[in-house]
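**Q** From the sequence below, what's the structure:
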Amino acid sequence: MTEKDILLIKTSWKIFRQMEPTTIGDLFYGHLLHKNPSVASIFKYSLKRQSILLIDFLNAVILRLEEVQSMKAKIKELAETYAGYGIIPKYYPFIEEALLFTLKRGIGKDWNTEIEIAWINGCEEVKKLMTEALG
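**A** Numbers count the residues shown, from 1 in each chain. Here you go, the predicted structure:
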């Protein structure tokens, strides 16, 4: 992930965060569960609670993207917490797809290929670290 990727992610995240958390949750979980109904059992909380957990997770990572490599302990903790919920590496690609779908809709006219590539690069970095953390 480059410095430009980080800048694009952070800038587009500010635009995206103008959406209501419930709308984010509706888009994200609606897409995820429509495309992958088998993952429904891993989500134990209400849609509102799940939406807050998703946004909190993304905020925690995005705020410190420049330090993502030095955040291994925090990412390990997050990976273990999510694994405890049943969110394991085999589900990461489904989650990434739903996230990109949601971001594209939330960012709207400002979404472009450059932003998409930055988000893909960021997702790949975090997925790699989370997978490594779970050993």
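**Q** ok, and what's touching the host helix or strand of His31?
**A** In this assignment (DSSP states H and E), His31 forms part of helix 21-35. Judged by Cβ atoms under 8 Å, 6 or more residues apart in numbering, the contacts made with helix 21-35 from elsewhere in the structure are 16, 39-40, 43, 47-48, 50-52, 54-55, 94-95, 97-99, 101-102, 105-106. Every C-beta, even on glycine, is put in place using the N, C-alpha and C of the backbone.
**Q** Tell me the helix or strand right after that helix.
**A** With DSSP H and E, the next secondary element past helix 21-35 is helix 47-62.
**Q** Can you report how many residues lie near the residue nearest to Glu3 when sequence neighbours are not counted?
**A** Among residues not flanking Glu3 along the chain, Glu66 sits closest, at 8.0 Å (Cβ to Cβ, 6 or more residues apart in numbering). By the criterion of other Cβ atoms under 10 Å, Glu66 has 13 neighbours.
**Q** thinking Glu66 is in contact with Ile6, fair?
**A** Yes - the pair Glu66 and Ile6 passes the contact test of Cβ atoms under 8 Å, sitting 6.0 Å apart.
**Q** Please compute how far the longest helix belonging to the chain lies from its chain's middle.
**A** Longest helix of the chain, by residue count under DSSP state H: helix 113-134. Computed by Cα atoms, centre = their mean, to the nearest Å, the chain-centroid distance of helix 113-134 equals 9 Å.
**Q** And it, what's buried?
**A** When burial is assessed from 16 or more other Cβ atoms under 10 Å, helix 113-134 yields the following buried residues: 115-116, 118-119, 121-123, 125-127, 129-130, 133.
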